[in-house]
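J.: fold the stuff below for me.
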Amino acid sequence: MMARRQRERFDYLYGINPVVEALRGRRRHNRLLVRSERRDDKRIKRAIDAASDTSVRVEYVDQDQLDRLSQGGNHQGIVLETGPFQYVEIDDLIEDAGQRTIVVLDHVQDPQNLATLIRTAAAVNVGGIVIQSDRSAQVTPAVVRSSAGLVELMPIARENNTRRTLATLKDSGYWIIGLESTSDSANIYTADLPQPAVLVVGSEERGVAGNVLKECDVVVELPMPGAVESLNAAVAGSVALFELLRRNQG
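T.: Purely as a prediction, here's the structure:
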């Protein structure tokens, strides 16, 4: 008996900026769906042109179909039917990073925090991001949307052991900087931050795990003299990334 053909799984990305960025990324796209009444919109024509450049077929459809595929999201008249996000291998990420800062997320679980950190990482030109394959936020259409599509241009590796990942990065010449408030943490603005650096950002609830902190060469915290005792992972990680950028440019 002939085996039944496995049904291909698609992601549906929506919104003009996320779709345009995705068309520049690594995924294998199936088709671009455009609301018929908006085919002459200048911003949407950017996506149509990008689809044509990569031989992705364009179909003109009605509002209801776009509403259904985007599950009621603000699709702006455009949806991209595409394959799953393409994660990269850790060795390829290291090679392509060229000693730029790498971010390792130790079980960050909130998709919005992941998206925010991706946007910040793109802004400061990091070499890539490593996330965990379990108990962590993954790259979903919602993350693509929240990151304004920048996730599509960011090399992201997915590993299952943070300590082993850090060992690999150390062997490649990186210094590991943990972002965590402990009794021994140094002020990030006065601490020696050796380069090239890996910034480790912990989960929303537990922070950086204790066994991961043992692998860090430096553990730093953000000074907070005000009434707030802590910041969420995305805000703290973003501040730390901009400080590393300042050091690199100094």
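J.: quick check: buried residues in the helix or strand hosting residue 64?
T.: Assigned by DSSP states H and E, residue 64 falls within helix 63-69. Buried residues in helix 63-69, counted by 16 or more other C-beta atoms under 10 Å: 66, 69. (C-beta placed from N, C-alpha, C; glycine too.)
J.: now that helix: average pLDDT?
T.: In this model, helix 63-69 carries a mean pLDDT of 92.
J.: can you pull out the helices in this structure?
T.: 16-23, 42-53, 63-69, 90-97, 111-123, 141-146, 162-171, 210-213, 233-249 (DSSP state H).
J.: deepest-packed of those helices, please.
T.: Highest mean neighbour count among those (mean count of other C-beta atoms under 10 Å): helix 16-23, with a mean of 23.
J.: quick one, that one and helix 42-53 angle?
T.: 10 degrees (axes from the mean of the first three to the mean of the last three C-alpha atoms, to 10 degrees).
J.: how close does the most centrally placed residue in the chain sit to residue 167?
T.: Closest to where the C-alpha atoms of the chain average out (C-alpha atoms, centre = their mean) is residue 118, at 3.8 Å. Applying C-beta to C-beta, to the nearest Å, the value for residue 118 to residue 167 is 24 Å.
J.: same check, this time on residue 134
T.: Residue 134 is 19 Å from residue 167, by C-beta to C-beta.
J.: tell me, how many residues neighbour residue 176?
T.: 22 (other C-beta atoms under 10 Å).
J.: and the pLDDT for it?
T.: Confidence score, pLDDT, at residue 176: 98.
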